[in-house]
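Q: Dropping a prediction and its sequence here:
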Amino acid sequence: MKHRRISRRRVAVAGAGIAALAAAGVTLQNANASEPATSGPQLRVLSAPAAGNLASTLLKDLGSDAAGSYYDAQAKSLVVNVLDRSAAHTVEAAGAKARVVANSLAELDGARTLLKKDASIPGTSWATDPVSDKVVVTADRTVSGARWTKLSKVVDGLGGKAELQRSKGEFKPFVAGGDAIGGSGGRCSLGFNVVKDGQPYFLTAGHCTASISTWSDASGKQIGQNAESHFPGTDFGLVKYTSQVDHPSEVDLYNGSTQKITGAAEATVGMKVTRSGSTTHVHDGTVTGLNATVNYQEGTVSGLIQTDVCAEPGDSGGSLFSGGNAVGLTSGGSGDCTSGGETFFQPVTAALTATGTQIG
């Protein structure tokens, strides 16, 4: 890539002082919830974004009778958890699968609230898993001794509303993303080019902009200055271009081609996604959890997307996408692209809304 297309230089910032992120551990696993019931000839074949749109409509219509949803990638259908057969009929009439589960969203949200109050331990995470109908709590390898005992006691007290699992690695923010960007504080990856008030900007990770304020591309040419930085709490930063460079709405696929990005989409559990980053380039995977909470050493980040896509330091801020839709910005996780692991992403839709930007 000899031309300077910054959209193809996604950067992930590495700051040595950034503490480990404990990402919310949600896996697509079978639990003691009932199996999805088929809805006969009315079952609709849906793409993941279309399933997400249908889920939003159904969950709003069902209100407290809904208990979450996920995308069945193999059947290409939407599965909606409900609390009774009356609600199941509504779901099936809309062309989705319904299954009756034990735990309501209110009960699972209550479990999350208790975890936040009593178990906000660095190296831990939790997220609601609609497949198991539980809050899945994950502890990385740094959680031991009294902290592990405390965490186990809190999870046990939640009964069938939560379960505890281990991560082999250590949760931490990643430093790098699509194409490489960097500054005096380290290296990250550019996420997505966006527009605000007719002016060009790009999104990357907030833990990157917390360490670096002036950005350069891989050649060392200065390209931008921070406009906004959000971390912890959330994990996104907005950078305004200060140099005349191309900034097309696309993602580097690291094979001589790019993926055109035409819009943004909400993540859905079960959605197939692709990540591009400056350290490990392009890797595929699946969304395994939503609204994940990660307890980093520097603070807690909430509302993240959990996936089984691998990533490594330097991939931070990089692009998570599904087809032509922007989905997330690489935040952190554990493992690597040799042994695998889990990675967490800041939802792009939330970052666009907060910064008043749009894909352009």
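A: Sure, I can see it. As the structure is a computational prediction, the values presented were derived from the model and not from experiment.
Q: Check whether Ala311 sits in a helix, strand or coil.
A: coil (DSSP: H, G, I helix; E, B strand; the rest coil).
Q: Disregarding flanking residues, what is the spatial nearest neighbour of it?
A: Nearest residue to Ala311, sequence neighbours excluded (CB to CB, 6 or more residues apart in numbering): Thr343, at 4.4 Å. Every residue, glycine included, has its C-beta placed from N, CA and C.
Q: contacting residues around the nearest residue to Gly169 once chain neighbours are set aside?
A: Distance criterion CB to CB, 6+ apart; nearest residue to Gly169, sequence neighbours excluded, is Ser334 at 3.0 Å. Counting by CB atoms under 8 Å, 6 or more residues apart in numbering, Ser334 touches 23, 140, 167-172, 341-342.
Q: can you rerun that using 7 Å?
A: Neighbouring residues of Ser334 by CB atoms under 7 Å, 6 or more residues apart in numbering: 140, 167, 169-171, 341-342.
Q: Could you identify the pair within those residues that is furthest apart?
A: Glu170 and Glu342 (11.7 Å; CB to CB).
Q: So between those two, which is more surrounded?
A: Set Glu170 next to Glu342 and count neighbours by other CB atoms under 10 Å: Glu342 wins out with 28 against 17.
Q: what separates the residue nearest to Gly169 from Val155, distance-wise?
A: 19 Å (CB to CB, to the nearest Å).
Q: Thr279 is in contact with Gly314, isn't it?
A: Yes: proximity of Thr279 to Gly314 meets the contact threshold set by CB atoms under 7 Å, at 3.4 Å.
Q: okay, those two: which has more neighbours?
A: A direct count of neighbours by other CB under 10 Å for Thr279 and Gly314 places Gly314 higher, at 26 against 23.
Q: three-state assignment of Leu58?
A: Leu58 ends up helix, using three-state DSSP.
Q: Next up, the contacts around it.
A: Contacts of Leu58 (CB under 7 Å, 6+ apart): 66, 80, 91, 94, 96.
Q: In what element of secondary structure is the third one found?
A: Using DSSP states H and E, Val91 maps to helix 85-93.
Q: quick one: contacts of that helix?
A: 37, 39, 42, 58, 62, 65-66, 80, 82, 98, 100.
Q: got TSV for the residues you listed, with secondary structure, distance to Gln358 and pLDDT too?
A: Below are these laid out as TSV (DSSP: H, G, I helix; E, B strand; the rest coil; distance: CB to CB, whole Å; pLDDT from 0 to 100):
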residue	secondary structure	distance to Gln358	pLDDT
Ala37	strand	40	48
Ser39	coil	36	44
Gln42	helix	36	78
Leu58	helix	27	93
Leu62	helix	30	93
Asp65	helix	34	92
Ala66	strand	30	90
Val80	strand	30	96
Val82	strand	35	96
Ala98	strand	35	95
Val100	strand	40	96
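Q: Show me which of those residues are buried.
A: 39, 58, 62, 65-66, 80, 82, 98, 100 (16 or more other CB atoms under 10 Å).
Q: so how far is Pro313 from the residue nearest to Gly169?
A: 12 Å.
Q: So Phe344 sits against Ser302, correct?
A: No: using CB under 7 Å, Phe344 is not in contact with Ser302, being 10.7 Å away.
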